[in-house]
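**Q** what would the 3D arrangement of this be:
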Amino acid sequence: MDPVSDDEPFERLLDYVKLHRGLDFTGYKRSSLRRRVQKRMHEVKIKEFDEYQDYLEVHPEEFAALFNTILINVTAFFRDKPAWDYLAGEIVPRIVNSLEEDEPIRIWSAGCASGEEAYTIAIIMAESMGMEAFKRRVKIYATDVDEEALEIARHASYPEKRMEPVPIELREKYFVREGDRSVFLSDLRRSVIFGRHDLVQDAPISRLDLIVCRNTLMYFIAETQAKILERFHFALKDSGFLFLGKAEMLLTHARLFKPETLKHRVFTRVPAMRRRGPPVEIPAMREAAREPDIATLQEVAFNAAQTAQIVMDVEGTLVLANTRAQSLFDLHEKDLGSPFRDLEISYKPVELRSPIEQVMARKTPAYVPDVQRILPDGSTQFLAVKIVPLTINSGDMVGVSVTFQDMTSYKELEAEFLESNARLEASYEELNSANEELETTNEELQSTVEELETTNEELQSTNEEMETMNEELQSTNEELETINDELRQRTGELNRSNEFLGAILASLHSGVVVADRDYNVLIWSDEASDLWGLRADEVIGKSLLSLDIGLPVDQLKAPISELLKGKADYDERLLDAVNRRGRTFRCQVVATPLVDEQGSRKGVVLLMEEVLGIDRRIVDTVREPLIILNRDLEVIFANRSFYATFRTPPEETVGQRIYDLGNRQWDIPELRRLLEEILPGKSTFRNFEVVHEFPGIGTRKMLLNARRLIPANNEEEFILLAIEEMT
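**A** All right, here's what the predicted structure looks like:
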């Protein structure tokens with residue numbers, strides 16, 4: 001958005017809000033106010049201010065959300081704790097000791113938001129006075145324009161995270177636990193009075209000992225800040241204190257408040273000055289007064305000036321030097337009447353002869369800034385030299401005046417000002433002190449100070465803007481923390497679901513493949529990898545129909561299409577396939593639709609398993625270890641008892657020759673002879689005893705039983721080997 005082109009629609013929107021809800025944002029800083037309104041507009045997906053005004057007319061409930069966005073309720077218990085420590089240790093005792101024993105203490109927490117600041121005041125007052133005296137004497141008036149925030153404050157109930165800044169001992173002393181929240185003590189709560197109050201429009205509370213208004217003034221323009229500070233000045237007693245936020249200085253309001261400490265932003269009310277009438281002139285006194293000689297007055301005034309000044313005639317002869325110049329440059333009466341060019345002052349601390357000649361020639365002033373002079377104590381004095389031609393009424397030049405302004409204070413202030421960009425907090429007090437010193441200098445230096453004050457106000461305004469943005473950022477961070485908590489919870493649920501899905505896939509002995517409606521592979525289980533020789537990362541995202549595996553996938557396209565169209569709910573078929581080792585086998589493929597919670601078919605689930613002519617589920621439940629071998633003596637199946645007894649995982653077992661299992665722990669000569677010599681000639685052998693040392697599990701004595709099995713469909717025969725442990 002272009003801020004300039006949007007000024008009128010934006011102001012119309014503010015007028016509409018004022019007319020229909022009574023909240024006047026006229027005195028608020030436009031940059032931050034515009035940014036907050038646009039943030040809310042972005043949340044409801046509106047770009048133009050006029051369009052948002054129409055939206056407010058149709059949706060009056062939107063006002064509450066808009067006000068919550070504009071009125072940034074960023075607050076906390078003991079926010080900026082060093083400042084609160086100073087208030088509790090230095091200011092509160094002075095307030096208590098300045099009053100009679102039973103005299104009431106009145107405090108105003110202006111812009112209290114959700115109440116943490118008001119209850120912080122209550123805690124430090126009760127700690128200083130004792131609870132009984134606090135309940136008897138103290139009234140804390142806590143106000144804000146945000147009704148929702150005030151409602152939270154009245155309940156005085158805060159979650160654990162909001163309570164973190166409160167020290168444990170104070171938390172236990174001033175709060176009670178109710179579930180997962182902490183509630184401020186009800187008998188102390190009665191001393192804190194909450195109410196709606198607009199600092200700009202409503203009359204202030206009066207006869208106050210302390211006003212706490214932290215990080216609120218920075219949202220207003222300078223004129224509105226001045227208006228509010230006038231009201232604070234009226235509301236406080238002569239000895240009252242004002243406690244502001246760290247971005248608020250009051251450098252330009254010295255007639256109302258003077259600083260107790262700029263570092264912690266505590267100020268004292270300056271008593272209002274009583275106007276006095278003009279002095280009465282008594283005739284006798286007027287007659288007795290004598291008019292002094294004009295020349296004498298001129299000489300006295302010339303010598304009394306705090307600025308060093310010398311005067312030369314048109315011949316270049318030094319004719320006058322005031323007291324300040326004589327002291328500064330070690331001039332004496334004997335030097336008067338001497339040629340200026342012969343005196344040390346003509347070239348030290350700076351060359352003046354050439355500039356003076358130019359002034360005499362051109363009859364125009366000259367200025368020599370930043371002159372440095374080393375003093376006897378080793379310090380540096382900064383001077384600004386101004387050379388002015390002296391003319392009479394006829395326009396003829398009669399001489400030259402040279403003034404030496406001591407700019408040391410200004411230079412020190414300038415250095416402090418530059419340093420304040422990096423350490424603003426520590427430099428404000430020095431800057432204020434230097435500012436007061438500059439106010440006593442001459443007109444030219446005062447002009448420089450005014451320029452500095454203007455620059456400082458701009459810097460302060462920028463600082464306030466940054467503080468505003470920081471509070472907005474803190475508010476946004478709190479929202480993001482809530483979202484992150486929800487995301488962490490959802491991520492945990494998703495991880496548990498993935499672990500559960502992984503456990504399901506691991507427990508299935510069939511290869512599991514899940515594809516979407518475009519036949520792209522979504523899930524490829526370890527069993528599928530072992531069956532077809534392709535890893536999951538090689539196939540996920542690719543079309544199932546394009547995979548180069550030993551399964552005729554083109555024969556699955558038609559049944560999958562029927563499932564996706566809802567014409568079928570189940571399909572099962574036997575296909576001739578070749579496994580990853582090149583062995584031909586019969587593969588059973590079971591297909592079912594992948595259905596979401598709404599009943600929509602999002603894909604297909606395929607279960608692929610080698611048909612052995614024997615039910616693997618039955619074999620898997622047998623208590624003794626069993627393995628099934630093909631004619632190449634490769635393991636094509638092992639039951640759970642085998643894995644548990646010999647401590648080997650399925651991925652290191654299935655597809656391996658029996659002799660290669662583990663670290664060749666099954667390469668037993670007796671077993672080789674049985675499988676390679678005896679079994680081919682016979683269909684079975686029984687109770688063949690073998691004793692063997694297995695690494696990791698020790699010596700085992702076993703009875704081996706084997707049988708050659710030929711499936712009824714005349715497919716490839718296989719060997720069922722049973723191991724009975726006798727150890």
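**Q** check which helix or strand residue 398 maps to.
**A** strand 397-406 (DSSP states H and E).
**Q** oh, I was asking about residue 381
**A** Under the criterion of DSSP H and E, residue 381 resides in strand 380-391.
**Q** cool, residue 704 as well?
**A** Applying DSSP H and E as the criterion places residue 704 in strand 698-709.
**Q** show residues contacting that strand.
**A** Here strand 698-709 makes contact (CB atoms under 8 Å, 6 or more residues apart in numbering) with 613-614, 671, 674-675, 679, 683-694, 717-727. Yep, even glycine has a C-beta here, placed from its N, CA and C like the rest.
**Q** what mean pLDDT does it have?
**A** When pLDDT is averaged over strand 698-709, the result is 83.
**Q** then stretch 91-111?
**A** 93.
**Q** do stretch 238-250 as well
**A** 82.
**Q** what's near enough to touch residue 316?
**A** Counting by CB under 8 Å, 6+ apart, residue 316 has contacts 339, 340, 341, 356.
**Q** between the host helix or strand of the last one and strand 397-406, how many degrees?
**A** Residue 356 belongs to helix 353-362 when elements are defined using DSSP H and E. Angle between the axes of helix 353-362 and strand 397-406 is 140 degrees (criterion: axes from the mean of the first three to the mean of the last three CA atoms, to 10 degrees).
**Q** and the helix or strand where residue 636 lies, which strands flank it?
**A** Following DSSP H and E, one finds residue 636 within strand 635-638. Here strand 635-638 is paired, per DSSP bridges, with strand 626-629 (antiparallel).
**Q** any idea how far the partner strand is from the chain center?
**A** Centroid displacement of strand 626-629 relative to its chain, using CA atoms, centre = their mean, to the nearest Å, is 63 Å.
**Q** pull out the buried positions in the next helix or strand after the strand holding residue 636.
**A** Sequence order places helix 640-646 as the next helix or strand after strand 635-638, per DSSP H and E. For helix 640-646, a neighbour-count test (16 or more other CB atoms under 10 Å) marks 641, 642, 643, 645, 646 as buried.
**Q** and stretch 463-470, which residues are buried?
**A** 463, 464, 465, 467, 468.
**Q** out of the residues you listed, which is nearest to residue 175?
**A** Lowest distance from residue 175 to these (CB to CB) belongs to residue 467, with 28.9 Å.
**Q** show me the contacts for the closest one.
**A** The contact partners of residue 467, taken as CB under 8 Å, 6+ apart, are 215, 218, 245, 246, 247.
**Q** quick one: which of those is most hemmed in?
**A** Greatest neighbour count in the contacts of residue 467, by other CB atoms under 10 Å, goes to residue 215: 25 neighbours.
**Q** pretty sure that one sits against residue 245.
**A** Yes. Using CB atoms under 8 Å, residue 215 is in contact with residue 245, at 3.5 Å.
**Q** got the confidence number for the spatially closest residue to residue 32 that is not a sequence neighbour?
**A** Excluding the flanking residues, the one nearest residue 32 by CB to CB, 6 or more residues apart in numbering is residue 468, at 4.6 Å. The model reports residue 468 with a pLDDT of 77.
**Q** what helix or strand is residue 468 on?
**A** With DSSP H and E as the criterion, residue 468 is inside helix 443-507.
**Q** heading C-terminal from that helix, find the next helix or strand.
**A** Criterion used, DSSP H and E; the element after helix 443-507 is strand 511-516.
**Q** what's in contact with that following strand?
**A** Residues outside strand 511-516 that contact it (CB under 8 Å, 6+ apart): 505, 521-525, 527-532, 544, 560, 594, 602-609.
**Q** and what about residue 52, helix, strand or coil?
**A** Under DSSP: H, G, I helix; E, B strand; the rest coil, residue 52 falls in the helix class.
**Q** burial count for it?
**A** Using other CB under 10 Å, residue 52 has 22 other residues around it.
**Q** how far away is it from residue 43?
**A** Look at residue 52 and residue 43: by CB to CB, to the nearest Å, they are 11 Å apart.
**Q** average pLDDT across the strand holding residue 636?
**A** Per-region confidence: strand 635-638 scores 86 on mean pLDDT.
**Q** one step back: so which of the contacts of residue 316 sit within helices?
**A** Among the contacts of residue 316, DSSP state H puts residue 356 in helices.
**Q** make JSON lines from the contacts of residue 316 and add distance to residue 175 to it.
**A** JSON lines is the format used below for these (distance: CB to CB, whole Å):
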{"residue": "339", "distance to residue 175": "85"}
{"residue": "340", "distance to residue 175": "79"}
{"residue": "341", "distance to residue 175": "82"}
{"residue": "356", "distance to residue 175": "77"}
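**Q** between the contacts of residue 316, which is nearest residue 143?
**A** If you rank these by distance to residue 143 using CB to CB, residue 356 comes first, at 65.3 Å.
**Q** my read: that closest one touches residue 312, true?
**A** Yes. Under the criterion of CB under 8 Å, residue 356 makes contact with residue 312 at 7.2 Å.
**Q** for the two, list the residues in contact with both.
**A** Residues touching both residue 356 and residue 312 by CB under 8 Å, 6+ apart: 340, 400, 402.
**Q** please report phi then psi for residue 146.
**A** Backbone torsions for residue 146, taken as degrees, to the nearest 10, come to phi -90, psi 110.
**Q** quick one: pLDDT of it?
**A** On the pLDDT scale, residue 146 is placed at 85.
**Q** give me the number of residues near it?
**A** Residue 146: 22 surrounding residues under other CB under 10 Å.
**Q** need the distance between the two termini of stretch 245-256.
**A** Its start and end residues considered, stretch 245-256 measures 17 Å (CA to CA, to the nearest Å).
**Q** quick one: the strands in the stretch 1-150 of the chain, in order.
**A** If you assign secondary structure with DSSP state E, counting those that start in this stretch, the strands in the stretch 1-150 of the chain sit at 105-110, 138-144.
**Q** determine which stretch of the ones you listed is the most buried.
**A** Counting by mean count of other CB atoms under 10 Å, strand 105-110 has the highest mean neighbour count of the strands of the stretch 1-150 of the chain, with a mean of 24.
**Q** contacts for that strand?
**A** 95-96, 99, 117-118, 121, 125, 137-143, 197, 199, 204-205, 207-213, 216, 232, 235.
**Q** which segments of this structure make up each domain?
**A** What the record gives for the chain is the domain set 7-70, 81-269, 294-406, 419-499, 508-610, 616-725, from automatic domain parsing.
**Q** now distance to residue 412 too, for those, in JSON lines please.
**A** As requested, the domains of the chain are exported to JSON lines (distance: least, CB to CB, whole Å):
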{"stretch": "domain 7-70", "distance to residue 412": "32"}
{"stretch": "domain 81-269", "distance to residue 412": "17"}
{"stretch": "domain 294-406", "distance to residue 412": "9"}
{"stretch": "domain 419-499", "distance to residue 412": "7"}
{"stretch": "domain 508-610", "distance to residue 412": "69"}
{"stretch": "domain 616-725", "distance to residue 412": "78"}
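**Q** so which of those is the most packed in?
**A** Greatest average neighbour count among those goes to domain 81-269 (a mean of 18), per mean count of other CB under 10 Å.
**Q** what about that one, start to end distance?
**A** Rule used - CA to CA; the end-to-end distance of domain 81-269 is 23 Å.
**Q** cool, stretch 594-607 as well?
**A** This stretch, stretch 594-607, spans 13 Å end to end (CA to CA).
**Q** just for the stretch 1-150 of the chain, where's the confidence low?
**A** Counting by pLDDT under 70, the stretch 1-150 of the chain shows low-confidence ranges at 1-6, 20-23, 27, 29, 67, 71-74.
**Q** redo that, cut-off 90
**A** For the stretch 1-150 of the chain, the stretches flagged by pLDDT under 90 are 1-76, 79-80, 101-102, 111, 113-114, 145-149.
**Q** helices of that one, residue ranges please.
**A** Listed in chain order, the helices of the stretch 1-150 of the chain (DSSP state H, counting those that start in this stretch) span 7-21, 30-43, 49-58, 62-70, 81-86, 92-97, 116-129, 131-137, 147-155.
**Q** closest one to residue 406 among these?
**A** Among those, the nearest to residue 406 by CB to CB is helix 81-86 (35.4 Å).
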